[in-house]
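Asks: model the following, please.
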Amino acid sequence: MTFKTSIQSKKLVAAIVGVMLVLPTSIANAESQNEKISKGVDYKYVNEVRYGESQAMRNITVDLTDPYTTVDVSYPKPLNKLLRTTDQAKAYNSPGQQVAGAINGSFFWGGDQGYLPMYLISYRNQLINAGIIATGNDQFVNKPIAFGVDKSGKGKIAPYDLDIHFTYQGKKIAITSTDKHRSTDNMILYTPIYPKPTTETNDLGVEVVLESLTGDTEIQLGETLKGVVKKVRTRGDKESSVIPRNGFVLSGHGEAEVSLRTIPVGAEIEISAAVDAPWEDASFMLTSGPELVKDGKVNVGMDLSSDKARELAPRTAVAIDKTGTKVFMVTVDGRQPGYSKGMNMKQLAEHLVSIGAYQALNLDGGGSTTMAVRKPGDQQVSLYNRPSDQSERRVSTSLLAVSTAPVGKIADIGAHIVKEGVYLKGTKGSVVIDYVMDQFYNPVSIAKEKFILNSVNGTVETNGLAFTAVKAGQDTLTLKSETGQGNGQLKLDVVDKISKIELSESDLKLKKGETRKLTLKAFDSQNRVVIYDPALIKWGVEGSVGTITNAGEFTANSGTGMITAELGGKVVKATVSVGTTSATSIDKMETLTGWNASAVNGTATLQQTGETDYPFEGDAAIKINYDFIGKTGTSAAYLNASDAKLVEGNPALLTARVYGDGSHSWLRGKIKDSSGTEHTIDFTPERGLKWVGWNFVTAKVPENVTGQISLEQIYIAQPSGKKTSGTIIVDDVKAAYDSEYREALFKDTSLNFRAENEISALVTDGIIAGYSNGKFGPYDELTRQQAAILLTRALGLSLDNVVDPGFEDMKSSMGFYKEVAAAANAGIINGKDKGKRFDPNGKLTRAEMAAILKRGFSLPVGDKEYFVDSKGSFAHDAINSLAFNNITNGIGQGKFGPSQNINRADFSVFLYKTLLIK
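Replies: Okay, the predicted model is just below:
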């Protein structure tokens, strides 16, 4: 929970629409997020299906009408210095100017050209880099078009005319560019900005060295500098010219050198640079390309049939609205199937038009694509997008959304309760301040002692930011600074009774002396998690199986027995057996050391999980990337043990945690026994890897294995037929000595969790899944859209040629549209407001759940009244149908709870039982 104060709608927390409903990976990441990051800067993120692929699109919108907001450019100092966009933003920050958001800028040369910028940069009327304009319509920058902020303070994307020349004896001679490597027929002006002490040129040209300038060495647009020739380097002289700190070098080759041959030492030369009138006195100019949008319409300024334009890749772009008062800084991630494929140039242009672009310009994309945003309360920006290199690339220039607002009054306090949930009377809690911002979104540093926490209804007693629950009831906690600024509110419920409790484990198999820490989860009458003081638990042990501390830490002794836990008058037990180790680790998969990849009829590579991945256990896991597309015969990608992975004893099973990609592949392994015989083992049936997300898999060790075994391989195979590419993650590989050995499927469920079997079956069939961090979120409430997707998967409804159901809030371009349409076409789930709206993010009630299950599976209806609260409900017959078919027993006391929202665990149970019937 977060406090909200006078700034409204600052942050719309990511609306995860079925993120882990485990359907095709292209929609598994559908989500959106909006944040206000400064007075005049907004951030938006959308991940949805576009052009048949999942696309992660981000947009920083800058309002230049705000007096404290502007856009600026960061350019290299020295000119060949590459820095990450986040580092450029940090270097730019100073009192009175704070970067709220940033994207990478234009293109730069590679190492063979010294990492210099490729195109025009001007800053505060100074020509920093003249750049080049490429020839050929297949090149990105084939026309002189720049983005900048003009002298009126508005964003501008338009062509320009740069005139840079020198004058000798009244004759004007064009200068090709500044501070770049000289090439054929070039006239290059080298200035002290150039990062090397000399021109680095060969002897196939002529150079004149100018000193005694009439001004400093900055080339100001619209001004003329005069200098005197101090030295001439003739053709054939192998010593490149030293660039004077107070002068220039004119360097010509081929046709361009002709005009330099007759200039003697002592001659006076004028250097001039200017841009056309619309760009005069611009705050800055940055050239890039191609142009993407012109006058509000798609207008891609390059050959759309060229490889560069057609490639689906990460993209960066800048755009303005018709008035020039709004600047859009846009990125699209790419080269990451299942998360974001990337766009071609035409698709990028269409996307920009859809967000309001009137003029738009492409920037440097690919691995350089970067977006950084200042989080609420932070002083510096953080990387927000997911670069295709898996890390932020160093770039030449960056565009910055800048706030120049002064320090103001406290307006927004972000805070949360350390442990969120319903509190049991007598339990202590505390509030943590996440951030404090003024009305201009400037971060404010205030010691926690400067905040006052109060209770409106007296359910808690406060002491600083700590509190103790003292009576049952609903309450509001208020938070403000000691000066009275920044009032915030936080809802809190306190209960004095517990309805049920659950142990973290219900069946422990341990070896003698092994310890295990147990935890207890409590729920109130509304099935909400209750926060309680652990000291209130009474732990006990039945039999001589071991001992347990007051903190719930059990130490195994021998034999079998029970662990008991009592809280609030409720008792729960767990069985314990102590003997041979039930499972031992083979490899925790924390490192690639000892593993290598190989493939048959395809390719395979290994990676460790990075910052954007979650291992199931520990700090890392191993990713197997494979590509079998277009191959014939059986394809396989192998995770090979280059070091022997010896297994203790005589295991019955090998187990692993596997993050699947829904590819319907065959997950197998290979072991070798002491006789040298190899045995193939199956973690799934053929085409059995149906799930996306984490699953617990087991493979039976053949009975004819002799002596000690070693694990040789884990691999993914696809027999003849349609082939795919993808990635799976393998973690926590073990050997188990009991053929019935199992582990809890998720970190927030247990083997005795009431819905564990049902959830496991649905996960393995690829119908539902947990979150990437290894949790399932059993009590997260289901949305109507999620229900439609699950039913579509469970019933195997076709997504081809679906008919538009006509919902005003479900467009064909939206993620999950086809699933919703398929469910609506089948008459399973209906719209609201006489069919006008679908309300995809609305919570699904138990009554609605009953209705869609009855419709979807054509369940028969009994004639008996089962519940006292279902009469009058639109789903009366459907509710009775679930009871008649033994799918539900209600919520107790003869009630069904039709108006209560359904959670993921309960829906999993209902869906599983329904599938058993059908």
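Asks: assign the closest residue to V861 other than its chain neighbours to helix, strand or coil.
Replies: Excluding the flanking residues, the one nearest V861 by Cβ to Cβ, 6 or more residues apart in numbering is S881, at 4.6 Å. To be clear about C-beta, it is placed using only N, CA and C from the backbone, and glycine gets the same treatment. Secondary structure, DSSP: H, G, I helix; E, B strand; the rest coil: S881 is helix.
Asks: same deal with V733?
Replies: At V733 the chain is in strand, as set by three-state DSSP.
Asks: how about low-confidence regions in this protein?
Replies: Residue ranges of the chain with pLDDT under 70: 1-30, 486-487, 511, 579-581, 918.
Asks: with only the CA atoms kept, save the longest helix anywhere in the chain in CSV.
Replies: As assigned by DSSP state H, the longest helix anywhere in the chain is helix 904-917. Presented in CSV, the C-alpha positions along helix 904-917 are these (Å, rounded to 0.1, in the frame of the first residue of the first chain):
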residue,chain,number,x,y,z
ARG,A,904,-6.7,-18.2,-8.2
ALA,A,905,-6.7,-21.1,-5.8
ASP,A,906,-10.4,-21.6,-5.6
PHE,A,907,-10.9,-21.1,-9.4
SER,A,908,-8.2,-23.8,-10.0
VAL,A,909,-10.1,-26.2,-7.8
PHE,A,910,-13.4,-25.5,-9.5
LEU,A,911,-11.9,-25.8,-13.0
TYR,A,912,-10.0,-29.0,-12.2
LYS,A,913,-13.1,-30.7,-10.8
THR,A,914,-15.1,-29.6,-13.8
LEU,A,915,-12.5,-31.0,-16.2
LEU,A,916,-12.6,-34.3,-14.3
ILE,A,917,-16.4,-34.5,-15.0
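Asks: buried residues of that helix, list them for me.
Replies: 904-915 (16 or more other Cβ atoms under 10 Å).
Asks: before we move on, what about stretch 121-132?
Replies: Those would be 121-123, 125, 127-132, for stretch 121-132 by 16+ other Cβ under 10 Å.
Asks: now do the same end-to-end measure for that stretch.
Replies: Terminal residues of stretch 121-132 are spaced 11 Å apart (Cα to Cα, to the nearest Å).
Asks: try stretch 310-324
Replies: The first residue of stretch 310-324 is 29 Å away from its last residue (Cα to Cα).
Asks: make 26 the starting number, not 1.
Replies: Shifting the count to begin at 26 puts that one at stretch 335-349.
Asks: which element is D306 on?
Replies: D306 belongs to no helix or strand when assigned by DSSP states H and E.
Asks: how deep is it tucked in, by neighbour count?
Replies: 13 (other Cβ atoms under 10 Å).
Asks: same check on L671?
Replies: 12.
Asks: do T350 as well
Replies: If you count neighbours by other Cβ under 10 Å, T350 ends up with 17.
Asks: check G173 too.
Replies: Look at G173: counted by other Cβ under 10 Å, it has 25 neighbours.
Asks: how far away from the center of its chain is the host helix or strand of it?
Replies: Assigned by DSSP H and E, G173 belongs to strand 170-174. How far strand 170-174 lies from its chain's middle: 30 Å, per Cα atoms, centre = their mean, to the nearest Å.
Asks: report all helices and strands that that strand contacts.
Replies: For strand 170-174, the packing partners by 3 or more Cβ pairs under 8 Å, 6 or more residues apart in numbering; DSSP states H and E come out as strand 94-99, strand 180-184, strand 309-312, strand 384-387.
Asks: any chance of those strands in TSV, plus mean neighbour count and distance to S365?
Replies: Converted to TSV, the helices and strands packed on strand 170-174 look like this (neighbours: other Cβ atoms under 10 Å; distance: least, Cβ to Cβ, whole Å):
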stretch	mean neighbour count	distance to S365
strand 94-99	22	25
strand 180-184	20	25
strand 309-312	26	25
strand 384-387	26	17
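Asks: which of those sits closest to Q510?
Replies: Comparing the helices and strands packed on strand 170-174 by their distance to Q510 (Cβ to Cβ), the top pick is strand 94-99, with 23.4 Å.
Asks: any idea of the angle that closest one forms with strand 170-174?
Replies: Direction vectors for strand 94-99 and strand 170-174, defined by axes from the mean of the first three to the mean of the last three Cα atoms, to 10 degrees, enclose an angle of 130 degrees.
Asks: okay, now the nearest residue to S57 once chain neighbours are set aside: neighbour count?
Replies: Nearest residue to S57 in three dimensions, chain neighbours excluded: V71, at 4.8 Å (Cβ to Cβ, 6+ apart). Here the number of neighbours of V71 (other Cβ under 10 Å) works out to 19.
Asks: show the subsequent helix or strand relative to the helix or strand where V71 lies.
Replies: Assigned by DSSP H and E, V71 belongs to strand 66-75. The helix or strand immediately downstream of strand 66-75 is strand 78-88, counting by DSSP H and E.
Asks: contact partners for G454?
Replies: Taking Cβ atoms under 8 Å, 6 or more residues apart in numbering as the criterion, G454 is in contact with 442-444, 448, 485, 491-494, 556.
Asks: follow-up on the earlier one: nearest to G593, out of the helices and strands packed on strand 170-174?
Replies: Among those, the nearest to G593 by Cβ to Cβ is strand 94-99 (54.3 Å).
Asks: strand partners (parallel or antiparallel) of that closest one?
Replies: In the sheet, strand 94-99 lines up against strand 423-428 (antiparallel) (DSSP bridges).
Asks: quick one on the thing from earlier: and the contacts of G454, which of them are in strands?
Replies: Judged by DSSP state E, the contacts of G454 include 442, 448, 485, 491-494, 556 as members of strands.
Asks: if any of these are buried, put those into a PyMOL selection.
Replies: Here is the PyMOL selection string for the buried members of the ones in strands among the contacts of G454, based on 16+ other Cβ under 10 Å:
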select buried, resi 442+448+485+492+493+494+556
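Asks: just curious, which of the ones in strands among the contacts of G454 is nearest to S775?
Replies: Checking the ones in strands among the contacts of G454 against S775 with Cβ to Cβ, the nearest one is I556 at 18.8 Å.
Asks: elements contacting the helix or strand hosting I649?
Replies: Using DSSP H and E, the element containing I649 is strand 647-652. The helices and strands touching strand 647-652, judged by 3+ Cβ pairs under 8 Å, 6+ apart, are strand 620-625, strand 628-633, strand 660-672, strand 750-761.
Asks: who's in contact with stretch 872-885?
Replies: By Cβ under 8 Å, 6+ apart, the surrounding residues in contact with stretch 872-885 are 807, 809, 812, 816, 819-820, 848, 851-854, 886, 895, 898-900, 902-904, 906-907, 909-910, 912-913, 921, 923-924, 927, 932, 935-936, 939, 942-943.
Asks: can you say which of the residues you listed are buried?
Replies: 807, 809, 812, 816, 819-820, 848, 851, 853-854, 895, 898, 900, 902-904, 906-907, 909-910, 912-913, 921, 923, 927, 932, 935-936, 939.
Asks: just the ones in helices from those residues, please.
Replies: Counted as lying in helices by DSSP H, out of these, are 809, 812, 816, 819-820, 848, 902-904, 906-907, 909, 932, 935-936, 939.
Asks: tell me which helix or strand V566 sits in.
Replies: According to DSSP H and E, V566 maps onto strand 563-567.
Asks: which other helices and strands does that strand contact?
Replies: When contacts are defined as 3+ Cβ pairs under 8 Å, 6+ apart, strand 563-567 packs onto strand 571-573, strand 584-592.
Asks: can I get the ones you listed in CSV with mean neighbour count?
Replies: Formatted as CSV, the helices and strands packed on strand 563-567 follow (neighbours: other Cβ atoms under 10 Å):
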stretch, mean neighbour count
strand 571-573, 19
strand 584-592, 18
